[in-house]
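What follows is a predicted protein model with its sequence.
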Amino acid sequence: MIEFKIVDNNNAIAQVSKLANNIWNEHYLPIIGTHQVSYMLDKFQSEDAIKQQIDEGYKYYLIFYNQVEAGYFSVKDKEEQLFLSKLYILKSFRGKGIGKQTINFIKSNFNNPVIQLTVNKNNSDSLAFYKNIGFEIVDDVAMDIGNGFVMDDYVMEMEN
């Protein structure tokens, strides 16, 4: 059984940050390397960064599979679009339908006509997942995130 719990306190924020460290280090090291993973975790997934994002209107949710933390996601309402900023599942929980059920939860709980996200161009597993459930590549973007690092992503969208 999959459950979604809003991140609305410091303990939950700490849980998300810890999950981010585990997931990013197991998934992104071969894609973007150790230095960029460390930089991005500190800049975007530290407890302080998550608190700031929540203050800016992002909503974070923890994902539980059979009452065990399996991952998390974050969205931001941009009126015509819902930006799916993050959807990360621990490796040991992938392939269990959690990602699909998360997208279904998002579609049924947010009324924006379009869901948009960005995916690293070299993240073939995630690209395949999103294409399989109905997202389409609509653009690509290379964004300087500081410290000499660039996020080289595809922009993907699906109708809600």
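Cool, got the structure.

Please count neighbours and contacts with C-alpha atoms only from this point.
Fine.

after the worst-scoring helix or strand of the chain on mean pLDDT, next one along is what?
Within the chain, no helix or strand scores below helix 29-32, which has a mean of 89 by mean pLDDT, DSSP states H and E. Note on helix 29-32: by DSSP states H and E, the next helix or strand toward the C-terminus is helix 34-44.

Pull out the buried positions in that next one.
Under the neighbour-count criterion of 16 or more other C-alpha atoms under 10 Å, helix 34-44 has 36-37, 40-41 buried.

What of stretch 50-58?
In stretch 50-58, counting by 16+ other C-alpha under 10 Å, buried: 50-51, 53-54, 58.

Go through those residues and flag which are in helices.
Of the buried residues of stretch 50-58, the ones assigned to helices by DSSP state H are 50-51, 53-54.

out of those, who's nearest Leu19?
Of all these, Ile50 has the smallest distance to Leu19: 12.4 Å, by C-alpha to C-alpha.

And the closest one, how close does it get to Asn11?
To Asn11, Ile50 is 12 Å away according to C-alpha to C-alpha, to the nearest Å.

go on, Asn132?
Where Asn11 is concerned, Asn132 sits at a distance of 34 Å (C-alpha to C-alpha).

same thing with Leu84?
On the measure of C-alpha to C-alpha, Leu84 and Asn11 end up 23 Å apart.
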